[in-house]
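*Asks:* sequence first, predicted model second:
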Amino acid sequence: MEIEFHYYITYLIAAKAGFGSKESRSIAYASQYVDDNDMIFEISKDTPEHYSNYISQTMNILKPKKKLLRIYPLFHFIPGDPLSPMAKRKDGKMHALVTTANSENANRIMDAAMESGDYYRIGIATHSYVDSWAHQNFIGYFDEYNAMKGLLEQAVPDIGHADAQNNPDWVALVWKDGRLLGVNSRVDNRARFLEAAKHLFEKYRKYTDPNCSRKMLDKDAGKLIKDLGAAIGKQDQSNSNAKARIRRYKELSATGDYGGQGMKDYNESDWIEKAINIKVRGFRDRSDSFLMRWDPLTDKYAWKNPGKYKQTPWYKFQEGVKQHQDTAWDILYKPVFNNLELERL
């Protein structure tokens, strides 16, 4: 999934479930920021306020396997059920790290975040939870299991859905996963994403209103899916209607059913620029992407308010990333990683 679901649709789901506009914004921003948090910062180095973050995404898929294992299966490709009927392949292969929609592991990770009551952790776990629908039948590791026949088969490493490019992430795309058996090879992202939205809504609503009846839960979920379905609209093979869909999501957010406040557009610099002073040297460091690694000069970073930096959303998000990593690893270690004889990170 991309920003269209991770931020805009997630905001609508949170608001419909009963979170306030501020909380909905924090959850949705954290969900999307998982994809943009791809650079390690050393803040106020050589001072008592020195702080270093963890990344939750990388633009460099050639990182050592151990580093990729810390990122992809924990934040984007949660290992699910290799025996799932939806994972049956023409070649009969199975893999312990395969992502499957709404798996037990994905639910345990999401539920742990909900129990924490931390909106930043909820947003981070939301990202990995809904990606279990979008990224199903891929694994977050180097393996030919991910390979798909086509022009990119030999051009890109077999990690995640690199061979499938954006196919798993575009909201209104219908595409073919030729590795899968029978009718499962036809993938309707709209149907997948609406199912993810329904399950996410139920988790959010049970948090905001633990006494909500099944009848009311189903009624409100039905209204949400109807509204989202209308906002997504028709099949869009080129993703050219994304801006129009986002306008419709924003219009929904201004209505009473979705908080009535109207959501702000996402700006990936918002949180960090409110927390940190950045002294640019050479090219501005934005990520661990290929071009940025050629810049020999490193930018310098310092807290804008050293006495209150722990109150900033950027810091709280980064602490949430660390907690999510530890929790997800503990949940996945015994049933998954331990069986693969992988060392603890």
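*Replies:* Right, received. Where do you want to start?

*Asks:* which non-adjacent residue is nearest A134?
*Replies:* M1 (4.5 Å; CB to CB, 6 or more residues apart in numbering). Heads up, the C-betas are built off the backbone N, CA and C, glycines and all.

*Asks:* H6 too?
*Replies:* Residue nearest to H6 in three dimensions, not counting chain neighbours: Q32, with 4.3 Å by CB to CB, 6+ apart.

*Asks:* can you confirm the one you found is in a helix?
*Replies:* Yes. Assessed by DSSP: H, G, I helix; E, B strand; the rest coil, Q32 belongs to a helix.

*Asks:* ok, it - contacts?
*Replies:* 3, 6-7, 10, 127, 266, 268 (CB atoms under 8 Å, 6 or more residues apart in numbering).

*Asks:* distance of it relative to N241?
*Replies:* Between Q32 and N241 the distance is 20 Å, computed by CB to CB, to the nearest Å.

*Asks:* now do E195
*Replies:* Counting by CB to CB - E195 and N241 are separated by 21 Å.

*Asks:* L200 now?
*Replies:* Distance from L200 to N241, by CB to CB: 23 Å.

*Asks:* who has more neighbours, the two?
*Replies:* Between L200 and N241, counted using other CB atoms under 10 Å, the more crowded position is L200 (25 against 17).

*Asks:* tell me which element the spatially closest residue to that one that is not a sequence neighbour is part of?
*Replies:* Among residues not flanking L200 along the chain, I13 sits closest, at 5.4 Å (CB to CB, 6+ apart). Using DSSP states H and E, I13 sits within helix 10-17.

*Asks:* mind checking which residue lies nearest the centre of the chain?
*Replies:* H127 (2.7 Å; CA atoms, centre = their mean).

*Asks:* list the helices and strands the helix or strand where that one lies packs on?
*Replies:* According to DSSP H and E, H127 maps onto helix 119-134. For helix 119-134, the contact count by 3 or more CB pairs under 8 Å, 6 or more residues apart in numbering; DSSP states H and E identifies helix 10-17, helix 21-36, helix 65-75, helix 104-116, helix 189-208, helix 313-333 as packing neighbours.

*Asks:* try 7 Å this time
*Replies:* With contacts defined as 3 or more CB pairs under 7 Å, 6 or more residues apart in numbering; DSSP states H and E, helix 119-134 has these neighbours: helix 21-36, helix 104-116, helix 189-208, helix 313-333.

*Asks:* ok, and what's touching the shortest one?
*Replies:* Contacts of helix 104-116 from elsewhere in the structure, counted by CB atoms under 7 Å, 6 or more residues apart in numbering, are 78-80, 121-122, 124-125, 128-129, 132, 203, 207, 324, 327-328, 331-332.

*Asks:* please identify the buried residues of that helix?
*Replies:* Neighbour-count burial for helix 104-116, with 16 or more other CB atoms under 10 Å as criterion, is recorded at 105-114, 116.

*Asks:* and if you look at the third one?
*Replies:* For helix 189-208, the neighbour count (16+ other CB under 10 Å) marks 189-190, 192-194, 196-205, 207 as buried.

*Asks:* and of those residues, the nearest to G229?
*Replies:* Nearest to G229 among the buried residues of helix 189-208, counting by CB to CB, is L194 at 6.1 Å.

*Asks:* next, count neighbours for E23.
*Replies:* E23 - counted by other CB under 10 Å - has 17 other residues nearby.

*Asks:* that should have said I225, apologies.
*Replies:* 15.

*Asks:* my guess is it meets A196, correct?
*Replies:* No. Using CB atoms under 7 Å, I225 is not in contact with A196; the gap is 10.7 Å.

*Asks:* quick one: low-confidence parts of the stretch 201-345 of the chain?
*Replies:* Low-confidence segments of the stretch 201-345 of the chain, defined by pLDDT under 70: 280-297, 341-345.

*Asks:* show me where it has its helices.
*Replies:* Using DSSP state H, counting those that start in this stretch, the helices of the stretch 201-345 of the chain run over 214-232, 242-253, 270-275, 313-333.

*Asks:* pLDDT on stretch 86-101, on average?
*Replies:* On average, the pLDDT along stretch 86-101 is 96.

*Asks:* hmm, who's touching that stretch?
*Replies:* Stretch 86-101 is contacted by residues 73, 77-82, 84, 132-133, 135-141, 143, 145, 179-181, 184, 336, 339-340 when judged by CB under 7 Å, 6+ apart.

*Asks:* quick check on these: which are buried?
*Replies:* The neighbour-count test (16+ other CB under 10 Å) marks 73, 77-81, 84, 132-133, 135-141, 143, 145, 179-180, 184, 336 as buried among the contacts of stretch 86-101.

*Asks:* inside helices: which ones of the residues you listed?
*Replies:* Of these, the ones assigned to helices by DSSP state H are 73, 132-133.

*Asks:* sounds good, over and out.
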